[in-house]
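> Sequence and predicted model, in that order:
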Amino acid sequence: MALTVDFDAEELWLAEDPANASRPGVLSQARYGAEVAVPQLLEMLDRLAIPATFFVCGGDAERYPSIMESMVERGHEIGHHGYSHRSPHLMERDEEAEELARGLAVLSQFTDRVAGYRSPSWDISPHTLDLLVEHGFDYASNMMDAVLPYPHARHDLVEIPVHWSLDDAPHFWFDATSWDKTIRSAREVAELWEEETTAIHDGGGLVTLTVHPQIIGRPGRLRMLERFLTGVRERERDRIWFARCDEVARVTRTAAAPGVRS
C-alpha cells in the first residue's frame, strides 16, 4: 500500500482561477491544509510508523519551506506535482518542459533526489512521458489502467497506478460555484476504501491511496484515516507492506513485471 499525499495548497486555487489571488477566504482553505492539517498528518504517520510520498507543487514548496523540511526529516518522500497546479494537457511542449524544470529546481532544494512525478489532476499530455525520461525521473503516478505497478513499454519509467475511488477529493470536495455536490460522510468513504482495498489485496495488487491535506485534514476525516490505516494493518497482518512510491518503483524494476503497458 502506498499512501500518497498531494500537497497542493495555494497553487490549486490559483490554477483554478487566477482571480483567487485576491480572495483570502478561498485561499484560507490552502493555509488550513498547510498550517493545520500537514502537521497533524505527520504526527499521525509517526504514530503509525507509516511512510508516505508527498507530491508537492513547486510554488507551494516555496511558500512553506519549513513544512517541506519537516516532511523530509520524518523520512517521507518528496515527489513532483508541477510547479503550479496547471494541467500539462493545457500547455505547449516547451511550456510544459519549463514548468517541469522549474518545479524540479525548487523541490531539489529539499531532497537529494526527486524520483517521481504526478501531474495535477492526473492529467498528462502527449509529451509528458518523454519529458519525464529526459529529466531522469524513475516513475510516474497518473494512469488508471492497472492495480499493479508496471514498466512503460516505450519509456524508461515505472507507472504506479491510481484511481478516483481511492482519492479523497471526489468524495469530500465541495463545489462552491454550483452547490450541487454532496459532501460524503467519513463513514461512507471509509467503507468504500475498505471494500476496494480488501479486493485489491486479495488479488495481490497495490493500493495507492491519495489524500489532500486541505480535504482529508478536517478533524473527523483525519480520525477516519487513522482508523482506516490501522484497520488495514490489522486485517492484512503479515501480507501488507506500506511503502513509499520510490520503493515500489525500485521493486518493480528489479522484479519480473506482471504486465507491460504503453
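That came in fine, so what should we check first?
> How about the secondary structure of residue 3?
strand (DSSP: H, G, I helix; E, B strand; the rest coil).
> can you list contacts of the lowest-mean-pLDDT helix or strand in the chain?
Comparing helices and strands within the chain by mean pLDDT, DSSP states H and E singles out helix 10-16 as the least confident, with a mean of 91. Helix 10-16 has contacts (CB atoms under 8 Å, 6 or more residues apart in numbering) with 20-21, 23, 26-27, 29-31, 57, 59-60, 63, 82-87, 120, 214. Heads up, the C-betas are built off the backbone N, CA and C, glycines and all.
> can you check stretch 143-160 too?
So stretch 143-160 is contacted by 2, 116, 122, 129-130, 132-133, 137-142, 161-164, 200, 203-206, 208, 245, 248-249, 252-253, 257-262 (CB under 8 Å, 6+ apart).
> so what's residue 189 closest to, chain neighbours aside?
residue 171 (4.7 Å; CB to CB, 6 or more residues apart in numbering).
> Report pLDDT for that neighbour.
With respect to pLDDT, residue 171 scores 94.
> Am I right that it is in a helix?
Yes - applying three-state DSSP, one finds residue 171 inside a helix.
> so what's it up against?
184, 188, 189, 192.
> Just the buried ones from the residues you listed?
residue 189 (16 or more other CB atoms under 10 Å).
> Least confident of the contacts of residue 171?
residue 184 (93).
> Could you double-check that residue 210 lies in contact with residue 2?
No - look at residue 210 against residue 2 with CB atoms under 8 Å: they stay out of range, at 9.2 Å.
> Quick one: low-confidence residue ranges for the stretch 151-262 of the chain.
The model of the stretch 151-262 of the chain has pLDDT under 70 over residues 256-262.
> In it, mark out all the strands, start to finish.
Here the stretch 151-262 of the chain has its strands, by DSSP state E, counting those that start in this stretch, at 158-159, 208-211.
> how about these in TSV, adding mean neighbour count and distance to residue 233?
Formatted as TSV, the strands of the stretch 151-262 of the chain follow (neighbours: other CB atoms under 10 Å; distance: least, CB to CB, whole Å):
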stretch	mean neighbour count	distance to residue 233
strand 158-159	24	25
strand 208-211	23	13
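> Pull the contacting residues for residue 141.
By CB under 8 Å, 6+ apart, the neighbours of residue 141 are 4, 55, 79, 116-118, 122, 159-162, 208, 245.
> among those, which are in helices?
residue 245 (DSSP state H).
> okay, the contacts of residue 141 in CSV with distance to residue 69 next?
Converted to CSV, the contacts of residue 141 look like this (distance: CB to CB, whole Å):
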residue, distance to residue 69
4, 20
55, 17
79, 16
116, 19
117, 21
118, 21
122, 27
159, 29
160, 25
161, 30
162, 27
208, 25
245, 20
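> In PyMOL, how would I select just the buried ones from the contacts of residue 141?
To isolate the buried members of the contacts of residue 141 in PyMOL, using 16+ other CB under 10 Å:
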select buried, resi 4+55+79+116+117+118+122+159+160+161+162+208+245
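> from the contacts of residue 141, which is closest to residue 47?
residue 4 (18.8 Å; CB to CB).
> Who does the closest one form a beta bridge with?
residue 53, residue 210 (DSSP bridges).
> Just the C-alpha atoms of stretch 223-232, please, in CSV.
Provided in CSV are the C-alpha atoms of stretch 223-232 (Å, rounded to 0.1, in the frame of the first residue of the first chain):
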residue,chain,number,x,y,z
ARG,A,223,-9.7,10.3,12.7
MET,A,224,-11.2,8.2,9.9
LEU,A,225,-7.9,8.0,8.0
GLU,A,226,-6.1,6.8,11.1
ARG,A,227,-8.8,4.2,11.9
PHE,A,228,-8.7,3.0,8.2
LEU,A,229,-4.9,2.6,8.1
THR,A,230,-4.9,0.9,11.5
GLY,A,231,-7.6,-1.4,10.3
VAL,A,232,-5.8,-2.3,7.1
